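**Q** With the input below, show me the fold.
(chains A and B)
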Amino acid sequence: MPPIDPENQSKHSPPSRLFRDDTRFALGRIAVFQYLAVVIFVFLIGGFWVLQIRDGDFNKELAERNRIKTVPLLAPRGKILDRDGRVIVDNHSAFALTLSRETLKPEHIAAIAEGLQNIKAEEIRALVARAESRRVAKYVPLVIKQDLTPAELAFVESHADPDTFPEMELIDKQSRLYPHGGLAAHVIGYVGEVSEVELNSAEFAKYSQGEIVGKEGLERQYNDLLTGVNGQRRVVVDSMGREHGRPIENKDFTPGNNLQLTLDLDLQSVAELAMEGRRGAVVALDPRNGEVLAMVSHPAFDPNLFTGRIRAADWNELINNPESPLMNRAIQAQFAPGSTFKTIVTIAGLETGLLEPSTTVNCPGGATFYGHYFKCDEVHGTVDLHRAIVHSCDTFFFTVGNRIGIDHIAEYAELAGIGKKTGIDLPNEKDGLMPSQRWKLHVKREKWYAGETISVAIGQGAVTVTPIQLASAVGGLVSGGVWYKPHLVKNAHIDPPRRADLHPENVATIVSGMCGVVNEGGTGASAAIPGLEICGKTGTAQRISNDLAKSNKALGLAMRDNGWFVGFAPRENPEIIIVALWEGSGKGALSAPIVRDVIKAYFDKKARLARPGPAQLSLFAEPSR
Amino acid sequence: MARYRSFRDLDWPLLIISLIISTLGVLQIYSATHGDTPWRNAWWKQIIYILVGLGLMWLTTSVDYHTLLGQVPILYTLSVIGLIATVAVGNVVFHARRWIHVFGMSFQISEFVKLVIILMVARYLSELKSDEVSPRDLLKLGGLVAVPVALVYYQPDLGTAVTCVSVLAAGILLAGLRWQYIAAIALVCALAMPVGWYFIKDYQRARFLTFRDPSLDPRGAGYQVIQSKIAIGHGGIWGAGLTKGTQTQLRFLPAAHNDLIFSGFAEEHGFVGVVVALGLYFLLLMQIVQNAQTAPDRAGMYICMGVAALLLCHLLVNVGMVAGDMPLTGIPLPLMSAGGSITMSVFVMLGLVNNVRLRRFVS
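**A** Next up, the predicted model:
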């Protein structure tokens, strides 16, 4: 029922004086309204004072962050090239996924992880939590996945819109590519995301989470050199993320430095092929300067598996493989050198005068020392030094080794670098071991038994070497007693070599013996190449005693003798020295063809380059720019 | 009656102040919508609305307000029908039915309802015989206001509903109500609050919660509040300058040309601009109140005070909202926000005030 009926209208028209005066009753209440209005305006202005003046700077910063987006420009790592400038390690374009922590909604993480492969929601949460705990600025995007697959890329592109997962952002980057796969894998090493443990170490202190660092091999050794300096672009964006105008800051990245190696891709490939399907290592050095021309360790791995984050299955396969494919045998395998060690014993004997080239020993197939019978491979009859080296007569070296004594042997072995790191520019090189009376007393706290010298004289017993060590030791020895530190980077500063005043005629005696090994029907005859004076020495090194091998056939087979061959050429002023180790081959002579192949490749290439006309590098096409 | 009207007798200070504020509004609308946006025509449309509004204002002064009060039953019936029609066939914009299409134009019936409520409250209270509102009258008038307010609230348009109630509250307090009743109403409201919590809509509840703590949902319900506060703070003392506010220009500020126009204004003109603009609004209000004080009769006084109360409530709710002092309710800022219905209805209200003023010398 409407309370205002048309009849009442008459009261208002025309207005009377009575009504007009009547408004006075409300004047006080109108004043109250005015005061209320004042209070409300003061309250409103107070709110603006707080926002604009008291918190003005804070809000200005928020507005800046709102509109300014920081896009990291990731610097590519330097390439790794061979000695002729051919690419061994390259980069390729890839996308990485980042999350903005400013706009990240925790409830999105599970769905984002769902769209990606090989990453769990917990891992993303852990990354976020780690960034929080490290107090990384909130506007720095968090890299959560490198090298997106096409499927992941499609997922990100279709879900990164403002309504779905606006926190996702793609960034362009250059990712590591190893075009030759496992070639020289141990030398090169691999890269990966820096781990929490590494971040806390001094070596990686200056890196931050999500960055890619060298983890092994040269990638790690020269990580700082290879790593570039990242740039960043700061752009003005609107609420939809669209860029407006020119960037506020555009600091381009500085790419990492390229690394040129001393490795020769041609020799490396020949050595890799020769070791195909075999377990062991090949090291080729230039004894005139210590440059490493080839370094192979087999079995190898594909470093491409590691770029970014390695899959758990691949990792488990690598570390559980009994053949340890991740081990760089060239610098980490420590085995008895076997008869290759006779070169060291010979120089010790000749230099001390306890051995003459004319010294003869009768070999009836073995000899007894200190109540033990030590067996020789064959019955050699009466042998002098030359024939003893050529035919690797153990009886001869038992006898002269016994005469020279362990300390003289150790003195010259250590001079040549046996039993200590060569100092090659690779991480985690192993020492090997050169026993001596002092070593036994200090380490084993036992007296040296003279009988032990007999084994050491033929490179058995406690003495162990790494392939790089043996190559460096013998290479320096046959070069007349000049030992350069082996190194992998070309044009690097070369440390002055270690020199020993060896009598040239003593060195010539050893070289002549080693030449006979290959060219006079000796143990290394299979290394011979017509027209080339290749010299060398075989070594067959036992890993368990003959008695044990006989009593346990299975173990004997598993622990078959390692075959060594150390060879060099030419005879005068050697240019290349190569050590080939074939684990469990049973015979050193079998390693000789490996060395022969690499030496042949070296001299073939030398001849090819010496020919007039455009230089032909073979095998690998054009030198890179 | 036309003989009472002359341009000379209009309230010129009131007109000039309202036109200055409208000009600031047009500039701010231009700043917020220029360039490649769907609303880039909004600024000159707003000029047209203002001109039409001035015409309507003049038209409003032409009919004696007592005649208008006489038409309240018809106007009231029309407004209720219009509101029902809006709820039934109105256009849904941003989840609310507030507009109704007539002759190719959209109207917001609730703006018309505001005017009707001002007139109805004025008429009812001016007819009271005593200087005190009895509980019976209170219930009667409250019931009359409640019908359209409930329909407006149902659209849903909480903001407009609140401003309508403010007209009723101001009128009753001016008419005189015993403090016991005031205390009783306050008590009932306080008790009703927890109950009301279950009756308001989910999004309103979310808005209230995010008003208390915007960081609860920074990308959702809290987004507007956060961006609005950032924009205001970014203005600092002197402001970023017209068309230079990044929050406004880069569209971090949603609805920067209507509901949140004042935060864009605060970003581009700073604290100084805010004080000037609010000062102008204050002068505008005081000018209206002055007309109430000099009104020829109770009815005229109630009309002017109804307009003043409604505008003050609008200001408090809108400006308080953009500064984060009040929950989001989504009502425009009179004279500044872009929009035909609101602009025209404000000028009609100013026309009512002038109407009262023009008749004060009648004896």
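**Q** Just give me the neighbour total for the closest residue to chain B within the stretch 351-500 of chain A.
**A** Of the residues in the stretch 351-500 of chain A, the one nearest chain B is residue A:427, at a distance of 46.9 Å by CB to the nearest CB. All C-beta spots, glycine's among them, are computed from the backbone N, C-alpha and C. Residues contacting residue A:427 under the criterion other CB atoms under 10 Å in any protein chain shown number 18.
**Q** Now do the same contact list for it.
**A** A:189, A:216, A:217, A:220, A:221 (CB atoms under 8 Å, 6 or more residues apart in numbering or on different chains).
**Q** 7 Å - rerun?
**A** Residue A:427 makes contact with A:216, A:220, A:221, according to CB atoms under 7 Å, 6 or more residues apart in numbering or on different chains.
**Q** and which of those is nearest to chain B?
**A** Checking the contacts of residue A:427 against chain B by CB to the nearest CB gives residue A:220 as the nearest, at 42.4 Å.
**Q** now the contacts of residue A:427 as a markdown table including secondary structure?
**A** Below are these laid out as a markdown table (DSSP: H, G, I helix; E, B strand; the rest coil):
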| residue | secondary structure |
| --- | --- |
| A:216 | coil |
| A:220 | helix |
| A:221 | helix |
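**Q** Would you format these as CSV with pLDDT and neighbour count included?
**A** Converted to CSV, those look like this (pLDDT from 0 to 100; neighbours: other CB atoms under 10 Å in any protein chain shown):
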residue, pLDDT, neighbour count
A:216, 93, 23
A:220, 94, 20
A:221, 94, 21
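**Q** per-residue confidence for residue B:231?
**A** As predicted, residue B:231 sits at a pLDDT of 90.
**Q** and it, helix, strand or coil?
**A** Going by three-state DSSP: residue B:231 is helix.
**Q** ok, how many other residues are close to it?
**A** Counted with other CB under 10 Å, residue B:231 comes out at 31.
**Q** where's it relative to residue A:59, distance?
**A** 8 Å (CB to CB, to the nearest Å).
**Q** Likewise for residue A:230?
**A** 30 Å.
**Q** Comparing the two, which residue is more hemmed in?
**A** A count of neighbours by other CB under 10 Å puts residue A:59 above the other of residue A:230 and residue A:59, at 22 against 16.
**Q** Need the three-state assignment for the more buried one.
**A** helix.
**Q** So for it, what's the pLDDT?
**A** 84.
**Q** what's the answer for residue B:110, then?
**A** Per the predicted model, pLDDT is 88 at residue B:110.
**Q** Quick check, the residue in the stretch 101-250 of chain B closest to chain A?
**A** In the stretch 101-250 of chain B, the residue found nearest to chain A is residue B:233; the distance is 2.2 Å by CB to the nearest CB.
**Q** and that residue, how many neighbours does it have?
**A** Using other CB under 10 Å, residue B:233 has 28 neighbouring residues.
**Q** That one - nearest residue in space that isn't next to it in sequence?
**A** Distances taken as CB to CB, 6 or more residues apart in numbering or on different chains put residue A:59 closest to residue B:233, at 2.2 Å, once the chain neighbours are dropped.
**Q** Same question for residue A:210.
**A** Spatial nearest neighbour of residue A:210, excluding adjacent residues (CB to CB, 6+ apart): residue A:143 at 3.6 Å.
**Q** For the stretch 151-300 of chain A, list the residues in contact with chain B, please.
**A** Counting by CB under 7 Å from any CB of the partner chain, the stretch 151-300 of chain A comes close to chain B at A:238, A:239, A:244.
**Q** which stretches of chain A have low pLDDT?
**A** Chain A contains residues with pLDDT under 70 at A:1-22, A:139, A:240-241, A:308, A:613-625.
**Q** for it, longest helix please?
**A** helix A:27-49 (DSSP state H).
**Q** Check what contacts it and list those residues.
**A** Residues contacting helix A:27-49 (CB under 7 Å, 6+ apart): B:170, B:173-174, B:232, B:266, B:271, B:274-275, B:278, B:282, B:285-286, B:289, B:292-293, B:305, B:308, B:312, B:316, B:319-320, B:323, B:325.
**Q** residues touching the residue nearest to residue B:233, list them.
**A** A:51, B:229, B:230, B:233, B:234.
**Q** Let me see the domain layout of chain A.
**A** A:69-260, A:265-299+A:330-610 (automatic domain parsing).
**Q** Just the helices from the stretch 1-150 of chain B, written as ranges.
**A** B:12-33, B:42-62, B:65-70, B:72-89, B:109-126, B:135-154 (DSSP state H, counting those that start in this stretch).
**Q** got the CA positions of the fourth one in PDB?
**A** This file holds the C-alpha atoms of helix B:72-89, laid out as PDB (Å, rounded to 0.1, in the frame of the first residue of the first chain):
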ATOM      1  CA  VAL B  72       6.500  10.100  -6.700                       C
ATOM      2  CA  PRO B  73       4.000   7.300  -6.700                       C
ATOM      3  CA  ILE B  74       4.200   7.000 -10.500                       C
ATOM      4  CA  LEU B  75       8.000   7.300 -10.500                       C
ATOM      5  CA  TYR B  76       8.300   4.800  -7.700                       C
ATOM      6  CA  THR B  77       6.100   2.300  -9.600                       C
ATOM      7  CA  LEU B  78       8.000   2.800 -12.800                       C
ATOM      8  CA  SER B  79      11.400   2.300 -11.100                       C
ATOM      9  CA  VAL B  80      10.300  -0.900  -9.500                       C
ATOM     10  CA  ILE B  81       9.000  -2.200 -12.800                       C
ATOM     11  CA  GLY B  82      12.200  -1.100 -14.500                       C
ATOM     12  CA  LEU B  83      14.300  -3.000 -11.900                       C
ATOM     13  CA  ILE B  84      12.200  -6.100 -12.300                       C
ATOM     14  CA  ALA B  85      12.700  -5.800 -16.100                       C
ATOM     15  CA  THR B  86      16.400  -5.400 -15.700                       C
ATOM     16  CA  VAL B  87      16.600  -8.500 -13.500                       C
ATOM     17  CA  ALA B  88      14.500 -10.400 -16.000                       C
ATOM     18  CA  VAL B  89      15.900  -9.300 -19.400                       C
END
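**Q** If you count contacts, what does it end up packed against?
**A** When contacts are defined as 3 or more CB pairs under 7 Å, 6 or more residues apart in numbering or on different chains; DSSP states H and E, helix B:72-89 packs onto strand B:96-102, helix B:109-126, helix B:135-154.
**Q** helices or strands next to the second one in the packing?
**A** Going back to what we said before, that points to helix B:109-126. Checking 3+ CB pairs under 7 Å, 6+ apart, helix B:109-126 ends up next to helix B:65-70, helix B:72-89, helix B:135-154, helix B:158-175, helix B:298-322, helix B:340-358.
**Q** if I pick the closest residue to residue B:298 other than its chain neighbours, what's in contact with it?
**A** Of all residues not flanking residue B:298 in the chain, residue B:126 sits nearest, at 4.1 Å (CB to CB, 6+ apart). Residues in contact with residue B:126 (CB under 7 Å, 6+ apart) are B:297, B:298, B:299, B:302.
**Q** With neighbour count, pLDDT and distance to residue B:140 added, can I get the residues you listed in a markdown table?
**A** Converted to a markdown table, those look like this (neighbours: other CB atoms under 10 Å in any protein chain shown; pLDDT from 0 to 100; distance: CB to CB, whole Å):
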| residue | neighbour count | pLDDT | distance to residue B:140 |
| --- | --- | --- | --- |
| B:297 | 25 | 88 | 21 |
| B:298 | 24 | 90 | 18 |
| B:299 | 27 | 92 | 18 |
| B:302 | 30 | 94 | 16 |
